[in-house]
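# build me a model from this:
(2 chains)
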Amino acid sequence: MFRHIAGRLAWAVPVLLGVSVIVFGLLKLIPGDAALVMAGTDATAADVQAIRQQLGLDQPVYVQYARWLGRLARLDLGRSAVTHRPVTYEIASRARPTAELAAAAMVIAVAIGLATGLTASTHQHTIWDAAASLAAAVGVSMPIFWLGLMLMMVFSVGLRWLPSTGAGTFAQLLLPALTLGSASTAIIARQARSAMLDVLQQDYLRTARAKGVTRWAVVMRHAFRNAVIPIITVVGLQLGYLLSGTVLTETVFARPGLGRLIVDSIRSRDVAVVQSAVMVLSVTFIVVNLAVDLLYAYVDPRIRFD
Amino acid sequence: MAVAAPALPALVSPGTRALRQFARHRAAVAGLAVLVVAIAVSAAAPWLAPYDPIALDVVHPTAAPSAAHLLGTDELGRDILSRLLWGGRDTLLITVAAVAIAFASGSALGIVAGYRGGTGDTVIMRIMDVLLAMPGFLLAVAIIAALGVGLVNVIIAIGINSIPPFARIARGSTLLIRQETYVQAARALGASERVIMARHVLPNILSPLVVEATLRLATAILTASGLSFLGLGVQPPTAEWGAMLSVGRNYITSSPQLVIIPGVAILVVTLAFNMVGDGLRDALDPRQPA
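Okay, here's the model as predicted:
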């Protein structure tokens, strides 16, 4: 078990470094000069040169990368070229709405997805199963930004039940979380259904039914516990999707989160903010994947002792 | 008394069997029909579209559907049906081109990695791991941030973003197949590595790659329209489905059709790609009984 954990942790380090190279390298390609953006329109050439030196932009690229990495490790991410506030502040103040959104979407996806998948698997060849399959097919094919607009049209504009924008209250979280969680709900439902169908055919389940175990106990205790591993894998994979989906969802619902920050900063060419925000979301993704891997080993002893 | 010979099962080629299997999958056939129609009408947009997709008619903005404008007009009086047809061209072009790039380069990388092994294998696959370690859509957004907006850059962004799964599948299948007798035989006969990889390995690992490509098309169309929706893809006034949605959302209370119509188009085509992909997977899976 210890070796497994150590191996996974050791593997995460080069991956993180690789991601940092990609993020740094990509944003280095951005046309235009960060110093020019920062200096503003009425700056002299000397001002721009001073800022360039201050930012270290006159250094070779690998020196800039090493410095950036060093500052990243110390969470000193520089200042936004647009607002002139520290990037750390910009990100910290936007992290909460994004974390809430992704977490709420995950809760919705797991709850509805599991309920749907389990129902479909225990009612195979019925109208319920067919309806669930159709809903799942539509769910994975729906552009989430469009679903968001449709929900907004019905529940905010039409019925006036829920607010369409902002963040902070539960009511403001509901529509964005439903929107973001829709595709994951469908994928989890599909996986839960097929994993359960595999398990439900096993001999030990026939034995359990034969000895008179109640239907609920057969499904939940005997079948579901054995189907849970492939389901966990899929749930873990959804996290990356949910994190990057916040970019679209926050734009639709005008939520002041990290995703929205990235899009706005790309438009205003605020490189420091884009770099840091993309890095934060990627690191979160890697760390959570690591946690899922370890959870996996905890749930399935076969992996631990491999 | 003559004994009737037992009826032998008719021998069919794997291709015919796969085709039959696919034809039995009703949803997949329906999806394929939708795709054929979508591609045909998009390709024929210059002849089919009743109006110029970017011609303004400021006298009739946001008109309801009528005989003159079957789907109505948008905020600048442009014919929505014409924009939908022209938009399909860009949307489908981006999607197909991006997946083609990923299919070609991902498969090549994966086959080389799997066939040669060694340091090259390690380097290629570790780069793929790093690309996969970034949330997919976010990577596309970061690439657009670097390259700038526009149709070609969207193709590049989605193309790069889609390489890793192809490389992984190609490598895994190549590892299995390189031990096969026919590969060993080709090697013994003195075929060059390149010939073996192109003529013997690639054709035999094509099925899983084709299935992945079809399902990837569905993801790619959502990514492409998502980028345009964020203003990071195809730019107005060009008619692209995501871009149409992006503008239409400003008129969500007054003219909901500006949002509903392009969204339905994206949904239908994505659903069709997914259904065809699922059908192909079932048809090409050798574990399935014929």
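
# so how far is chain A from residue B:218?
Look at residue B:218 and chain A: by C-beta to the nearest C-beta, to the nearest Å, they are 6 Å apart. No exception for glycine: its C-beta is placed from N, CA and C like everyone else's.

# what strand or helix carries residue 255?
Assuming you mean chain A. If you go by DSSP states H and E, residue A:255 is not part of any helix or strand.

# run through the residues that contact it.
A:97, A:98, A:101, A:165, A:166, A:167, A:172, A:176, A:249 (C-beta atoms under 8 Å, 6 or more residues apart in numbering or on different chains).

# and those as a markdown table, adding distance to residue B:23?
Converted to a markdown table, the contacts of residue A:255 look like this (distance: C-beta to C-beta, whole Å):
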| residue | distance to residue B:23 |
| --- | --- |
| A:97 | 49 |
| A:98 | 46 |
| A:101 | 43 |
| A:165 | 48 |
| A:166 | 51 |
| A:167 | 50 |
| A:172 | 49 |
| A:176 | 42 |
| A:249 | 39 |
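
# now those residues: which count as buried?
Among those, the ones that count as buried by 16 or more other C-beta atoms under 10 Å in any protein chain shown are A:97, A:98, A:101, A:167, A:172, A:176, A:249.

# strands - which of those land there?
Residues of these located in strands (DSSP state E): none.

# tell me the one of the residues you listed nearest residue A:203?
Nearest to residue A:203 among the buried ones among the contacts of residue A:255: residue A:101, at 44.0 Å, using C-beta to C-beta.

# how much space between residue A:123 and chain B?
If you go by C-beta to the nearest C-beta, the gap between residue A:123 and chain B works out to 20 Å.

# quick one: least confident of the contacts of residue A:255?
Within those, residue A:167 has the lowest pLDDT, namely 68.

# follow-up on the earlier one: for the contacts of residue A:255, which two are the farthest from each other?
A:98 and A:165 (15.4 Å).

# spatially central residue in the chain, please.
Using chain A. residue A:243 (2.0 Å; C-alpha atoms, centre = their mean).

# oops, chain B please
Central residue of chain B (C-alpha atoms, centre = their mean): residue B:217, 1.8 Å from the mean position.

# from memory it sits against residue B:97, does it?
No - using C-beta atoms under 8 Å, residue B:217 makes no contact with residue B:97, being 10.8 Å away.

# so where is the stretch 151-290 of chain B shaky, pLDDT-wise?
By pLDDT under 70, the weakly predicted segments of the stretch 151-290 of chain B are B:285-290.

# around chain A, pick out the residues from it.
Contact residues, the stretch 151-290 of chain B versus chain A (C-beta under 8 Å from any C-beta of the partner chain): B:218, B:222, B:225-226, B:229-232, B:242, B:245, B:249, B:252-253, B:256, B:259-260, B:262-263, B:266-267, B:270-271, B:273-275.

# give me that answer again for 10 Å
Contact residues (C-beta under 10 Å from any C-beta of the partner chain) of the stretch 151-290 of chain B with chain A: B:215, B:218-219, B:221-223, B:225-232, B:241-242, B:245-246, B:248-249, B:252-253, B:256, B:259-260, B:262-275, B:278.

# filter those down to the buried ones, PyMOL style.
The PyMOL selection below is limited to those of these classed as buried (16+ other C-beta under 10 Å):
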select buried, chain B and resi 215+218+219+221+222+223+225+226+227+228+229+230+231+232+241+242+245+246+248+249+252+256+259+260+262+263+265+266+267+269+270+271+272+273+274+275+278
